[in-house]
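K.L.:
sequence and predicted structure are below.
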Amino acid sequence: MADINTDVLIIGTGPAGSGSAALLASYGVETMVINRYRWLANTPRAHITNQRTMEVLRDLGRDVEDEAYLFATGQDLMGQNVFCTSLAGEEIGRMRSWGTHPVSRAEHQLSSPSHMNDLPQTFMEPLLFKTACSRGAQARMSTEYIRHEQDADGVTTTCRDRLTGAELTVRSKYLIGADGGNSKVAEDAGLSFEGRMGVGGSMNILFKADLSKYVAHRPSVLYWVVQPGADVGGIGMGLVRMVRPWNEWLIVWGYDINQPAPDVDTAFATKVVRDLVGDHELAVEIQSVSTWTVNNLYATTMQNGRVFCMGDATHRHPPSNGLGSNTSIQDAFNLAWKLSYVLKGKAGPALLDSYQRERAPIAKQIVTRANKSIEEFGPIFKALGLLDSIDPVKMQQNMDARCDDTPAAETQRAAIRQAIAAKVYEFDAHGVEMNQRYRSDAVLADGEPEPAFEKDAELHYQPTTWPGARLPHAWIFADDGAKASTLDLCGKGRFTVLTGIGGRGWVEAAKLLGRELGLDIEAHIIGPRQRWQDLTGDWANLREVRDSGVVLVRPDQHVCWRRETIARDPMAELRRALSFVLAL
Ligand code: FDA
């Protein structure tokens, strides 16, 4: 007999674990989440929060999304990505990042009802955790996962209560390993990985200091510092990262992974801070220091039977591009509704196989992208002439050369501009954040080929209702003055049918099928004199079906099927699609 019974046991209260608990609790699934520590993240780690993640928070509730904005640093203060010799020293260049370039800003605004922002993990985790617990999730802190065993009906997990030392067993129908980059659940479940851990060494120095005079005129979350040693280990360059404007900061500085990790005491940390700020009198309050390794590893399997892993447990990579926590929360969005449907008997267990099919390619993509972004600092060092010598005097001379009135200096200046501009793949990669298209048995193709990307798929989001893609966002309007995103009509644990004038047959089919299959299917006709109207025509331009056609949307807001026009028997067609997607 197990000590505790629950439907889903989640190991870890990070973004993946707390996100899963919040979603499962919102769907009415009995769940329990444990953490080996007594509380949540104690350092700010993740911060860049992209639009897709904010859409997940919005799906949890407008109150959840709004609370995130309340604690976040807004997008307008994020974007002057600075490259300099120190904060007090010479500025070499700047790039507008995180959707703050006017062109990119327009793309962001057209793509989503939600905004990118900077929300440190010390705020994100409590928000997700509170949402989970207030909606019914059980949480047990100071409780460590030890091992698990699964059989045909469930999983028995052994944990240790770290306050008493006593072991306890939890019996659950499913187990989620959201236990981070050293995941024991993934190891015990025998998941397979590709890549390498420990490809670089890095340290975090968290400190308080008022740096307003160096930064307030060029607000940014990231200030990149070129100094001797800045290209060793780490994440490509010395980094001074804003945690709270402008008096709380995190420095990321590398070390040679082939050497032992340095002993980062207060004196050493203070020196690094003062060097990178360029102010040797600066009053600094060091809050914490830690060393960590840069990883380049992704899971090729994310499931073993009733055990699923997500987040850093399955994608281990540097913070470049700010994708870790975002992807972790998005993993949770993919799996939670599937578990809910299977547990409630509304889908066949085979639906769960689609989690790995859909998310493993994303894990590979983001790990590869983040590591590539480190390499892409190389051309900046090269253009500055910093790779030709390790003599600081010679390095300075090479950098100074760019100010000369010579053809060679003009060429050097162009190379520097070009190298900085190429960092758009790290600091404004909207396509990486938004273009996730799934291929699996939880998506029913409509026979149309996948639309090719017209622009660079890493930089630009391209909306499509091609089955597998995220539903495109368009604002739609009601007579009472209400305004909603097409995404707002969907989600919340339900399937949604979107159609137009001539598509009443789909709405009726959704109602009848909902009753037949025991599903809560939302259905909306978007058109004149309907509750929601496409007054700007944006939805008509995006939906890629005719007025009488249909777009069927999964609870995670991905399109799973569509049809160009009304069918002769809408009920039979919708039944075919839903039965396929839900593995019934
Ligand atoms: P995470 O590691 O956060 O949580 C794991 C949880 O499991 C913890 O609660 C832990 O206590 C628990 N646990 C582990 N073992 C256990 C056991 N045996 N028993 C019980 N509990 C156990 N990401 C991003 O999206 N945007 C960004 O801007 C950045 N920036 C950034 C900067 C820096 C400096 C770093 C180091 C990292 C980032 N990241 C990031 C990455 C981000 O922090 C990371 O991807 C997420 O925290 C991963 O979330 P998870 O929930 O998967 O694991």
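P.N.:
Cool, got the structure.

K.L.:
and the ligand, is whichever strand or helix holds residue 65 touching that?
P.N.:
Assessed by DSSP states H and E, residue 65 sits inside helix 62-71. No - counting by C-beta under 6 Å from any ligand atom, the ligand has no neighbours in helix 62-71; the shortest distance is 13.2 Å. (Each C-beta comes from the backbone N, C-alpha and C, glycine too.)

K.L.:
now do the buried residues in that helix.
P.N.:
64-65, 67-69, 71 (16 or more other C-beta atoms under 10 Å).

K.L.:
stretch 491-505 too?
P.N.:
Of the residues in stretch 491-505, those buried (16+ other C-beta under 10 Å) are 491-500, 503, 505.

K.L.:
export these to CSV and tack on secondary structure and pLDDT?
P.N.:
Converted to CSV, these look like this (DSSP: H, G, I helix; E, B strand; the rest coil; pLDDT from 0 to 100):
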residue, secondary structure, pLDDT
491, strand, 98
492, coil, 98
493, coil, 98
494, strand, 98
495, strand, 98
496, strand, 98
497, strand, 98
498, strand, 98
499, strand, 98
500, coil, 98
503, coil, 98
505, helix, 98
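
K.L.:
just curious, which of these is nearest to residue 110?
P.N.:
Among the buried residues of stretch 491-505, residue 498 lies closest to residue 110 (C-beta to C-beta), at 18.5 Å.

K.L.:
does that closest one touch residue 543 like I think?
P.N.:
Yes - in this structure, residue 498 is within contact of residue 543 by C-beta atoms under 8 Å, at 7.4 Å.

K.L.:
returning to what we had before: save the buried residues of helix 62-71 as CSV, and put in pLDDT too.
P.N.:
Supplementary listing: these in CSV, determined by pLDDT from 0 to 100:
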residue, pLDDT
64, 98
65, 98
67, 98
68, 98
69, 98
71, 97
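
K.L.:
show me what from the stretch 1-150 of the chain comes close to the ligand.
P.N.:
Those residues of the stretch 1-150 of the chain that sit near the ligand, judged by C-beta under 6 Å from any ligand atom, are 11-17, 34-37, 45-48, 121, 144-145.

K.L.:
in strands only, show me these.
P.N.:
Among those, the members found in strands (DSSP state E) are 11, 34, 48, 144-145.

K.L.:
skipping adjacent residues, who's closest to residue 108 in space?
P.N.:
Counting by C-beta to C-beta, 6 or more residues apart in numbering, the nearest residue to residue 108 once its immediate chain neighbours are dropped is residue 99, at 4.0 Å.

K.L.:
oops, could you answer that again for residue 540 instead?
P.N.:
Using C-beta to C-beta, 6+ apart, the nearest residue to residue 540 is residue 534, at 5.6 Å.

K.L.:
show me what contacts the one you found?
P.N.:
Listed by C-beta atoms under 8 Å, 6 or more residues apart in numbering, the contact partners of residue 534 are 474, 476-477, 500, 526-527, 540.

K.L.:
from those residues, which two are the most distant?
P.N.:
Counting by C-beta to C-beta, the most remote pair of those is 477 and 500, 14.5 Å apart.

K.L.:
if I look at residue 303, how far off is residue 162?
P.N.:
28 Å (C-beta to C-beta, to the nearest Å).

K.L.:
neighbour count for these two, which is higher?
P.N.:
residue 303 (23 against 14; other C-beta atoms under 10 Å).

K.L.:
give the bridge partners for the more buried one, please.
P.N.:
residue 308 (DSSP bridges).

K.L.:
what sits against residue 110?
P.N.:
residue 473.

K.L.:
and the pLDDT at it?
P.N.:
pLDDT, residue 110: 98.

K.L.:
distance check, it against the ligand.
P.N.:
As judged by C-beta to the nearest ligand atom, to the nearest Å, residue 110 and the ligand stand 23 Å apart.

K.L.:
for that residue, give me phi and psi.
P.N.:
For residue 110, the backbone dihedrals (degrees, to the nearest 10) come out as phi -80, psi -20.

K.L.:
spatially, which residue comes closest to residue 257, not counting chain neighbours?
P.N.:
Nearest to residue 257 is residue 201, by C-beta to C-beta, 6+ apart, at 4.2 Å.

K.L.:
same question for residue 361.
P.N.:
residue 439 (7.9 Å).

K.L.:
so the one you found makes contact with residue 358?
P.N.:
Yes - judged on C-beta under 8 Å, residue 439 makes contact with residue 358 at a distance of 7.4 Å.

K.L.:
quick one: buried residues of the helix or strand where residue 416 lies?
P.N.:
Secondary-structure element containing residue 416, defined by DSSP H and E: helix 407-421. The neighbour-count check on helix 407-421 (16+ other C-beta under 10 Å) flags 412-413, 415-416, 419-420 as buried.

K.L.:
likewise stretch 509-521?
P.N.:
509-510, 513-514, 517, 519, 521.

K.L.:
contacts for it?
P.N.:
Against stretch 509-521 from outside (C-beta under 8 Å, 6+ apart): 345-346, 493-497, 522-523, 570-571, 573-575, 578, 582, 584.

K.L.:
what element comes up after the helix holding residue 416 heading to the C-terminus?
P.N.:
Helix 407-421 is succeeded, C-terminally, by helix 424-427 (DSSP H and E).

K.L.:
worst-scoring helix or strand of this protein, pLDDT-wise?
P.N.:
With mean pLDDT, DSSP states H and E as the measure, the helix or strand of the chain carrying the lowest mean pLDDT is helix 392-400 (a mean of 91).

K.L.:
could you pull up the contacting residues of residue 149?
P.N.:
Contacts of residue 149 (C-beta under 8 Å, 6+ apart): 155-156.

K.L.:
again, only this time at 6 Å
P.N.:
Applying C-beta atoms under 6 Å, 6 or more residues apart in numbering to residue 149 gives the contacts residue 156.

K.L.:
phi, psi of it?
P.N.:
Main-chain dihedrals, residue 149, degrees, to the nearest 10: phi -140, psi 140.

K.L.:
what separation do you get for it and residue 188?
P.N.:
9 Å.

K.L.:
the ligand contacts on this protein?
P.N.:
So the chain meets the ligand at 11-17, 34-37, 45-48, 121, 144-145, 178-180, 184, 204, 252, 311-313, 319, 322-326, 328 (C-beta under 6 Å from any ligand atom).

K.L.:
if you go by neighbour count, which of those are buried?
P.N.:
Applying 16+ other C-beta under 10 Å to the residues of the chain next to the ligand, the neighbour count classes 11-17, 34-36, 45-48, 121, 144-145, 178-180, 184, 204, 252, 311-313, 319, 322-326, 328 as buried.

K.L.:
and the helices in the stretch 1-150 of the chain?
P.N.:
With DSSP state H, counting those that start in this stretch, the ranges of helices along the stretch 1-150 of the chain come out as 15-26, 51-60, 62-71, 102-111, 121-134.

K.L.:
got JSON lines for those, with distance to residue 362 too?
P.N.:
Converted to JSON lines, the helices of the stretch 1-150 of the chain look like this (distance: least, C-beta to C-beta, whole Å):
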{"stretch": "helix 15-26", "distance to residue 362": "13"}
{"stretch": "helix 51-60", "distance to residue 362": "11"}
{"stretch": "helix 62-71", "distance to residue 362": "22"}
{"stretch": "helix 102-111", "distance to residue 362": "18"}
{"stretch": "helix 121-134", "distance to residue 362": "19"}
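
K.L.:
just the ones you listed: most buried one?
P.N.:
Here the criterion is mean neighbour count by mean count of other C-beta atoms under 10 Å, and of those the winner is helix 15-26, at a mean of 30.
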